[in-house]
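Student: Next come a sequence and a model predicted from it.
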Amino acid sequence: MFFHEIAGELKTYMDPTGRGGDFVIALVGDTLRDPMTEEEEKMAENDEFNPLASRMSINMLDQILEGKKFISKARAGLICSRYDGQDFAEEIDNLYDADKDHLQQFLLRRGISVEIDELGSAVQDILNQIFHGLSKGMHDVDINLTIHDPKPSIKNLAGDRIYCENGKLYIDGDVIELPIKLSDAQIYDFEADYISALCDAYADVLSRDSVTMDDIPKLPKKYQTNFYDQRKAYLSAESIQRSISEVYEDGENQFDILKSDAFDGIKTTYLDDYDNGYRRLLEVLKKISDVQLTKSKLSLIKNLIGNLERLGIVHILVNDKTIKSWVDPYAE
C-alpha cells in the first residue's frame, strides 16, 4: 500500500474540503508522540518537530498526497523515531459510522480484513508499517497487520539468545526497540512519591522542617548531585518497566517479580537503625548493587538491568509504597 492511498482515503472523511498538503502535515502530526526533551520542545515551538511541517513547499506536499512525490527516507526515519499513533487511532474510532463502513470496505478491497471496532488500531499499524517502509526507500509496502499477534512471552526466551543494547532487544537476529524512553527534561506526575521521600531524607540530614523541589538547586552540592543521580536512575528503570510491560505478555508480572526479589535483598538494610533518613537511603543504594537478582526472567536479558536500573528499582519501590519512608520505615 502506498502512503497516498491511505492518506487520500482518510482525507475524504477527516478533511474533505481542505488542501491536500495541509492534510498531509496534519495527518503526520497527529500520529507523533509528544516532545520529550527540551530540544524537542523547542522544535515543536518552531514547527519543526513534525518532519513534514518545515522546509517543504506546500506544492510538494500536495504532490505527496497525489502520489506524484514520496516522503524521503530521511524524513520518514524521523517520523518513525517520533511515531506513536495512539491519539490518531482514537480519531479514526470516533469517525461517523458511515465513514467507518467506507474505510472498512477500502481496506477489505486491499485484502485487509478488520472489524469496525479495530479500525483505529489497524490504521495505526498500517501507517507505522508504511513509514518504516518509506524510511528504507520502499514506496509500496506489503501490509501484514500485527494487531492480532500475541505478545511474546519472556519465560520462553533463552538467556544465551537475547541481550539489550542502546535501548533495543536483540533476539536471534530480530530487533525489538524498547518503546518508552522517559526524559529528565520534565518532572512527571508519577514521580511525586519518590521525589517527596528524597526531599524528606535531605530535610532530615540537614535538620530542616522540610525540603521541596524548589529547594533542590539551593542545597549543598552533594545533595543536588544525589537528587539528579537518583532521578536518572529512576527514569531509566521506569522506562524499562513500562517498555517490558508493553512488549511482553508477561512483562509486568516479570518486573513485579524483579521488584519483589530486590526488596527481599535490601529489606534488612532498609529496616536497620540510622542517624538520619539520608544515611538509610545511601546504605540501601549500596546494598542493591550487591543483591543477586535471579528470580525474574528479566535477569536473563544481558545488559537490561544494570547498576543504574538497580538504583532506579529502589525508587520504584517507594512509588509502590513498598518502601514507605527514608526517615521512618515504619511510617503509616
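Tutor: Right, received. Where do you want to start?

Student: Low-confidence bits of this protein, can you list those?
Tutor: Low-confidence segments of the chain, defined by pLDDT under 70: 36-37, 150-152, 154-161, 171-177, 179.

Student: which residues of it fall in helices?
Tutor: When secondary structure is read from DSSP state H, the chain shows helices at 3-14, 20-31, 38-45, 58-66, 73-82, 86-93, 97-109, 119-135, 192-205, 221-247, 251-271, 277-288, 307-319.

Student: How many residues are close by D229?
Tutor: Neighbour count of D229, defined by other CB atoms under 10 Å: 13. From N, CA and C alone the C-beta is placed, and that goes for glycine too.

Student: which one is it nearest to, not counting chain neighbours?
Tutor: Closest residue to D229 in three dimensions, ignoring its sequence neighbours and counting by CB to CB, 6 or more residues apart in numbering: L311, at 7.8 Å.

Student: Could you pull up the contacting residues of the one you found?
Tutor: Shown in contact with L311 (CB atoms under 8 Å, 6 or more residues apart in numbering): D229, Q230, A233, Y234, A237, L285, I288, S289.

Student: what's S135 in contact with, if anything?
Tutor: By CB under 8 Å, 6+ apart, S135 lies in contact with K73, A76, G77, I79, C80.

Student: can you put those residues in TSV and add distance to D117 and neighbour count?
Tutor: Below are the contacts of S135 laid out as TSV (distance: CB to CB, whole Å; neighbours: other CB atoms under 10 Å):
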residue	distance to D117	neighbour count
K73	34	13
A76	29	25
G77	32	17
I79	27	24
C80	27	17
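
Student: For D47, state which of the residues you listed is nearest.
Tutor: I79 (15.0 Å; CB to CB).

Student: Roughly how far does the residue nearest to that closest one when sequence neighbours are not counted sit from N46?
Tutor: Once flanking residues are discounted, I79 sits nearest to F131: 4.9 Å by CB to CB, 6+ apart. When distances are taken as CB to CB, to the nearest Å, F131 and N46 turn out to be 22 Å apart.

Student: can you check I195 too?
Tutor: I195 sits 31 Å away from N46, going by CB to CB.

Student: neighbour count winner among those two?
Tutor: Taking other CB under 10 Å, I195 and N46 do not tie; I195 has more neighbours (21 against 10).

Student: count of residues packed around the closest residue to the more buried one other than its chain neighbours?
Tutor: Closest residue to I195 apart from its sequence neighbours, by CB to CB, 6+ apart: M213 at 6.6 Å. Look at M213: counted by other CB under 10 Å, it has 14 neighbours.
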